[in-house]
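Student: sharing a model prediction with you, sequence too.
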Amino acid sequence: MKRSELEKFLGKNVEVTIFDGDTYRGVLHKSGENMFKDDLNLYLPKKYYFVTDECGIFCRSCLFRCSHVNKIRPLGGENK
């Protein structure tokens, strides 16, 4: 998936299916966001994505790149 397409969903509640068939639901985030500066595993890697619960506290998925995403769909309940 192209980065520009994936980043349209940042901060939104989504369902992401990655290349190995795993599916994750939650709010889409990009590594390096200031709200994760205390968690270096989510802050330092560049150009990675992950989903969290609605509060943004618990990482609900592995880190993945835009090229790993096979399908993404909005679930509603935008955070931003």
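Tutor: Cool, the structure landed.
Student: which intervals of the chain have sub-threshold pLDDT?
Tutor: Within the chain, the ranges that satisfy pLDDT under 70 run 56, 77-80.
Student: just give me the longest strand of it.
Tutor: strand 23-30 (DSSP state E).
Student: show me the contact partners of that one.
Tutor: Residues outside strand 23-30 that contact it (Cβ atoms under 8 Å, 6 or more residues apart in numbering): 6-7, 9-18, 36, 42, 47-54, 56, 60-62, 72, 75, 79. Where C-beta positions appear, they are placed from N, C-alpha and C, glycine not excepted.
Student: list the buried residues in the next helix or strand after that strand.
Tutor: Once the chain leaves strand 23-30, the next helix or strand it forms, by DSSP states H and E, is helix 40-43. For helix 40-43, burial by neighbour count (16 or more other Cβ atoms under 10 Å) applies to Leu42.
Student: who are the packing partners of the following helix or strand past helix 40-43?
Tutor: Next helix or strand after helix 40-43 toward the C-terminus (DSSP H and E): strand 49-52. Under the contact criterion of 3 or more Cβ pairs under 8 Å, 6 or more residues apart in numbering; DSSP states H and E, strand 49-52 touches strand 13-18, strand 23-30.
Student: one more pass at 6 Å, please.
Tutor: strand 23-30 (3 or more Cβ pairs under 6 Å, 6 or more residues apart in numbering; DSSP states H and E).
Student: give me the ChimeraX select line for the contacts of strand 23-30, limited to the buried ones.
Tutor: In ChimeraX, this line selects whichever of these come out buried by 16+ other Cβ under 10 Å:
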select :6,9,12,13,14,16,18,36,42,48,49,50,51,52,61,72
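Student: which residue of this protein lies farthest from its centroid?
Tutor: Asp38 (17.5 Å; Cα atoms, centre = their mean).
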